[in-house]
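>>> for reference, the sequence and a predicted model appear below.
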Amino acid sequence: MSEEKTAAATSKTAPSQSQGVWSSIVGQKKVIAQLQHEVKHPEELAQSWLLTGPPGSGRVNVALAFAAALECPNGGDGTCKSCRSVLARTHPDVTVLSTSGVTITIDQVRALVESSEQMPSLGPWRIMIIEDVDRMTERTTNVLLKEVEEPAPHTMWILCAPGAQDVLPTIRSRCRLVTLAVPSTDEVTDFLLAQYGPDSHFAKTRLAAHRAHANRQTKSKKSGKQTAHGDDGLPLTPEIARQDARIAQGHIGLAVLYALNRQMVRDRGVTVRGVLGLRRSSDGVVLAGKIVDSARAQAKNEVQQRSEQKSQQFLVENGLKSTRDIPPALRGAYNDAVGKAADQRREATRVERDIYDRVLNDIASVYRDICVLQADAAGSAGIVNVENRTAVQNLAIRLSPRQAIDRLQAVEKARRRIQGNGSAQLDLEALLCALVPPFDPLHN
Ligand SMILES: [Zn+2]
């Protein structure tokens, strides 16, 4: 009741830019202005959209904010029940298809197409959001094609992908394209401080719970290394926020992961120093082994934790104390909720791939810095790996500009091979061996 009053009180003022449902979107002023214009002129509204931006650019958050603004009676105030339920992904008319597996299955898309044809129940639109439309085979895409070309009168499709080139031209040409900008380091820093700085809601109310959770994680890994309270960099200082924003290179999601998990920042440091320290092929083989072992362990741990959370949630929802109390009649439902072993393996594969993708970004950042230094552009473009500036400078002198660019291309080749189901171990070994700089008697 009181919530509705608040909503009514705030709805008098129309939401302006970066307010209401748009308030958590970082560094996308132009895109927000464009989408707000669309919301205000529904008579010209396109019904199929393709939102592109690199992983971590927050494209799904933009899709959700757009959906919330379209469903909201006040154009996206961010406070009414409709806005809040869309953003929480619980609105009955807004469906988000995300995949924990490596690809989106044809059955998932068929189910989505089927429900897209139903009339919306609460708001003016039935909105279907697909998080990674690039994770679809051509056959699956064909199921979607007709719907995207001619959606039902009250249906809107919002497809998300890293880049327009990752989507089949047949889909691309039927959608209105929205390209997200890469937010600047300043914008990401400000966002991190607002979310996790000393004055943030997080620092005041959720930090203790976050630490307790992080300690449980550390314990369950039995690594023996405990993060002492206050040693996790939280609440963020401006220096740490800036460092996280810099190494995340405009990826909001990644910046948040760094802010909440110092171990990830340390792992990144190991990769970067390892790449800078490559002297011979055997160094490459050793580093590849380390990266793969760590990625597998992390993926296994993450999937295990997710399934423990799901199990816990199931027990709470059914008023049970432990898994031993589950009556035979609920066993099947329990297994469905927690996921089969095969599903968990698929999920782990996807998590592992995402980690390799991050590692490849870290490796590429070294050669990106080298190109910047060689072009004498550090003043304007900035250096990502400030912590290793001397080593980066030394390598920039040893490599020719051509050799630096070749190395960036080698990273992209490895990325394609790993995404295309290659053996991560072999592909990383080949890459890291190819990155070893030419022999130099002064440095070897
Ligand atoms: Zn609203």
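Arrived safely, thanks for sending.
>>> only the buried residues of the helix of greatest length in the chain, if you could.
Counting by DSSP state H, the longest helix found in the chain is helix 281-317. Neighbour counts using 16 or more other CB atoms under 10 Å place 283-285, 287-288, 291-292, 295-296, 298-299, 302-303, 306-307, 311, 314-315 of helix 281-317 among the buried residues. Yep, even glycine has a C-beta here, placed from its N, CA and C like the rest.
>>> by contact count, what packs against it?
On a contact count with 3 or more CB pairs under 8 Å, 6 or more residues apart in numbering; DSSP states H and E, helix 281-317 meets helix 207-221, helix 262-276, helix 328-338, helix 341-374, helix 424-435.
>>> isn't residue 272 right up against residue 367?
No: counting by CB atoms under 8 Å, residue 272 stays clear of residue 367, with 11.1 Å between them.
>>> between the two, what contacts are shared?
Residues touching both residue 272 and residue 367 do not exist when contact is defined as CB atoms under 8 Å, 6 or more residues apart in numbering.
>>> tell me the secondary structure for the residue most central in space within the chain?
In the chain, the residue lying closest to the centroid (CA atoms, centre = their mean) is residue 56, at 3.7 Å. The three-state assignment at residue 56 reads coil, by DSSP: H, G, I helix; E, B strand; the rest coil.
>>> for residue 50, same thing?
Residue 50 ends up strand, using three-state DSSP.
>>> same question for residue 177.
strand.
>>> which positions in the stretch 301-444 of the chain make contact with the ion?
Residues of the stretch 301-444 of the chain lying near the ion by CB under 5 Å from the ion: none.
>>> quick one: end-to-end length of stretch 105-123, please.
28 Å (CA to CA, to the nearest Å).
>>> list the buried ones in that stretch?
106, 108-109, 112-113, 116, 120, 123.
>>> around residue 143, how many other residues sit close by?
Residues lying near residue 143 (other CB atoms under 10 Å) number 16.
>>> next one: residue 87
18.
>>> surely it and residue 21 touch.
Yes: the criterion here is CB under 8 Å, and residue 87 meets it with residue 21 at 6.6 Å.
>>> identify the contacts common to the two.
64-65, 68, 78.
>>> tell me if residue 134 really is in a helix.
No: judged by three-state DSSP, residue 134 forms no part of a helix; its state is coil.
>>> how near is it to residue 207?
36 Å (CB to CB, to the nearest Å).
>>> again with residue 139
Separation of residue 139 from residue 207 (CB to CB): 48 Å.
>>> between the two, which is the more surrounded one?
residue 207 (16 against 9).
>>> so who does that one touch?
So residue 207 contacts 234-235 (CB under 8 Å, 6+ apart).
>>> quick check, residue 170 in a strand?
No: counting by three-state DSSP, residue 170 is not part of a strand but helix.
>>> distance check, it against residue 107.
21 Å.
>>> swap in residue 175?
Applying CB to CB to residue 175 and residue 107 gives a distance of 23 Å.
>>> skipping adjacent residues, who's closest to residue 384 in space?
Nearest non-adjacent residue to residue 384, counting by CB to CB, 6 or more residues apart in numbering: residue 365, 4.5 Å away.
>>> who touches that neighbour in this structure?
Applying CB under 8 Å, 6+ apart, the residues near residue 365 are 247, 249, 272, 384-385.
>>> how is the protein divided into domains?
Domains of the chain are assigned by automatic domain parsing as 2-179, 185-260, 276-302+342-435.
>>> using JSON lines, please lay out these together with mean pLDDT.
JSON lines is the format used below for the domains of the chain (pLDDT from 0 to 100):
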{"stretch": "domain 2-179", "mean pLDDT": "87"}
{"stretch": "domain 185-260", "mean pLDDT": "83"}
{"stretch": "domain 276-302+342-435", "mean pLDDT": "93"}
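>>> between the ones you listed, which gets nearest to residue 330?
domain 276-302+342-435 (18.9 Å; CB to CB).
>>> residue 394 and the ion, how far apart?
55 Å (CB to the ion, to the nearest Å).
>>> quick check: the residue of the stretch 301-444 of the chain nearest the ion.
residue 313 (28.0 Å; CB to the ion).
>>> surely residue 117 and residue 155 touch.
Yes: between residue 117 and residue 155 there is a contact at 7.1 Å, judged by CB under 8 Å.
>>> tell me who's in contact with residue 326.
Residue 326 touches 315, 318, 320, 334, counting by CB under 8 Å, 6+ apart.
>>> how about it, phi and psi?
phi -70, psi 120 (degrees, to the nearest 10).
>>> check it and give its pLDDT.
Note on residue 326: pLDDT of 88.
>>> excluding covalently adjacent residues, which one is nearest to the residue of the stretch 301-444 of the chain closest to the ion?
Per CB to CB, 6+ apart, closest to residue 313 is residue 337, 7.6 Å.
>>> give the helix, strand or coil label for residue 440.
coil.
>>> now it: how far from residue 399?
Residue 440 is 10 Å from residue 399, by CB to CB.
>>> please apply the same query to residue 261.
From residue 261 to residue 399 the distance is 32 Å (CB to CB).
>>> ok, residue 99 next?
Counting by CB to CB, the gap from residue 99 to residue 399 is 39 Å.
>>> who has more neighbours, the two?
The neighbour count for residue 99 versus residue 399, taken as other CB under 10 Å, is higher for residue 399 (20 against 17).
>>> that one reaches residue 370, doesn't it?
Yes: in this structure, residue 399 is within contact of residue 370 by CB under 8 Å, at 6.3 Å.
>>> before we move on, the earlier item: what sits against the residue nearest to residue 313?
Residue 337 neighbours (CB under 8 Å, 6+ apart): 310-311, 313-314.
>>> find me the pLDDT at it, would you?
82.
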